[in-house]
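>>> have a look at this fold, sequence not included:
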């Protein structure tokens with residue numbers, strides 16, 4: 001699949017350059033902060049955004065920037081696929097709080113509507129006037145690869161001409177508290193660290209994908225998703241390797257793989273941010289291929305990329 005354009009934003013900043021800067025160590029505490037989405041007013045009037053929760057605003061801003069970067073104004077034939085590890089967690093917690101506080105009869109209907117995982121993708125579709133098919137994939141660390149496979153299927157079937165693909169996860173105080181408590185309990189039991197202790201972060205990354213467009217950012221050459229061990233040959237053949245999810249430090253070191261969690265935290269959708277970092281590195285270093293691997297929930301996935309000029 002051709003990546004016609006891409007965008008990203010998070011507490012590290014609002015573009016690939018800011019992400020690369022955070023990754024290089026210029027800003028190491030990025031994932032402790034919330035992401036500013038006030039730039040949405042550059043694309044959409046305030047009245048349209050009044051009932052958008054934070055998760056939907058993250059998705060909408062990144063999607064709007066990806067479309068603007070592509071230079072495409074005709075939205076016909078475009079579908080939307082959103083990947084998320086946890087979905088709109090803050091809205092879900094808000095609804096549960098209202099349910100516990102006021103009971104079934106007085107629980108917040110607005111909070112309930114925002115807990116539906118496909119709402120952020122629907123907000124993007126409605127606000128940007130995209131009327132093609134719309135889907136959300138939530139499979140924890142496997143979400144990005146699964147959603148990219150769905151995008152490839154849509155393009156192969158001719159269901160859409162282009163796919164606006166996004167990966168979003170948000171940070172909430174409850175989620176941060178759960179992660180800290182689990183780490184404490186694991187240490188008390190003397191259990192091995194399955195996941196890294198890096199706090200979860202929040203970010204959004206969007207790609208405009210097609211089969212025959214102009215490769216403005218790069219090309220997705222291959223997508224692999226399977227149970228069991230990952231294909232070591234795929235990783236070793238690439239010029240650049242990223243590993244996210246539950247890969248231990250010794251595995252990353254053995255393969256010379258990079259870890260972007262210092263820039264954006266321990267995100268379920270880290271693979272999408274890794275892809276943007278990899279594309280930037282391919283361009284700057286004039287290399288050919290990159291492999292972004294992810295492990296988690298009994299699954300391994302790999303996304304192989306080449307640069308726009310490869």
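Structure's in. What do you need? This one's a predicted model, so the numbers in the text were calculated from it and none came from an experiment.
>>> contacts, neighbours, all on C-alpha from now
Noted.
>>> tell me the mean pLDDT over stretch 245-258?
Across stretch 245-258, pLDDT averages out at 86.
>>> list the buried residues in the strand or helix carrying residue 156.
Element membership for residue 156, per DSSP states H and E: helix 143-157. Residues of helix 143-157 classed as buried: 143, 144, 145, 146, 147, 148, 149, 150, 151, 152, 154, 155 (neighbour count, 16 or more other Cα atoms under 10 Å).
>>> also stretch 274-289?
Taking 16+ other Cα under 10 Å as the criterion, stretch 274-289 shows 274-283, 287-289 as buried.
>>> then stretch 167-182?
167, 168, 169, 170, 171, 172, 175, 179.
>>> next: stretch 123-130.
Buried-residue list, stretch 123-130, by 16+ other Cα under 10 Å: 123, 124, 125, 128, 130.
>>> helix or strand: which one has the nearest residue to the last one once chain neighbours are set aside?
In other words, residue 130. Leaving aside its chain neighbours, residue 130 sits nearest to residue 75 (5.8 Å; criterion: Cα to Cα, 6 or more residues apart in numbering). Residue 75 belongs to no helix or strand when elements are defined using DSSP H and E.
>>> which residues of the stretch 201-310 of the chain score low on pLDDT?
In the prediction, the stretch 201-310 of the chain carries residues with pLDDT under 70 at positions 228-235, 310.
>>> now the helices: where do they sit in it?
232-237, 249-254, 261-264, 270-285 (DSSP state H, counting those that start in this stretch).
>>> same thing with the stretch 51-200 of the chain?
54-70, 89-106, 109-114, 119-128, 143-157, 173-189.
>>> show the average pLDDT along the third one.
Right, the one you point to is helix 109-114. 70.
>>> go on, the second one?
Averaged over helix 89-106, pLDDT sits at 74.
>>> may I see the buried residues of that helix?
Of the residues in helix 89-106, those buried (16+ other Cα under 10 Å) are 89, 90, 91, 92, 93, 94, 95, 96, 98, 99.
>>> for the helix holding residue 156, name the packing helices and strands.
Applying 3 or more Cα pairs under 8 Å, 6 or more residues apart in numbering; DSSP states H and E, we find helix 143-157 packed against strand 78-83, strand 134-137, strand 162-169, strand 218-227, strand 299-307.
>>> which other residues reach the shortest one?
Same thing as strand 134-137. Strand 134-137 is contacted from outside by 79-84, 117-118, 121-122, 125, 143, 146-147, using Cα atoms under 8 Å, 6 or more residues apart in numbering.
>>> tell me which strands that strand pairs with, and in which orientation.
According to DSSP bridges, strand 134-137 forms sheet pairs with strand 78-83 (parallel).
>>> what is the neighbour count of residue 213?
Neighbourhood size, residue 213 [other Cα atoms under 10 Å]: 14.
>>> report the distance from stretch 51-65 to the chain centre.
13 Å (Cα atoms, centre = their mean, to the nearest Å).
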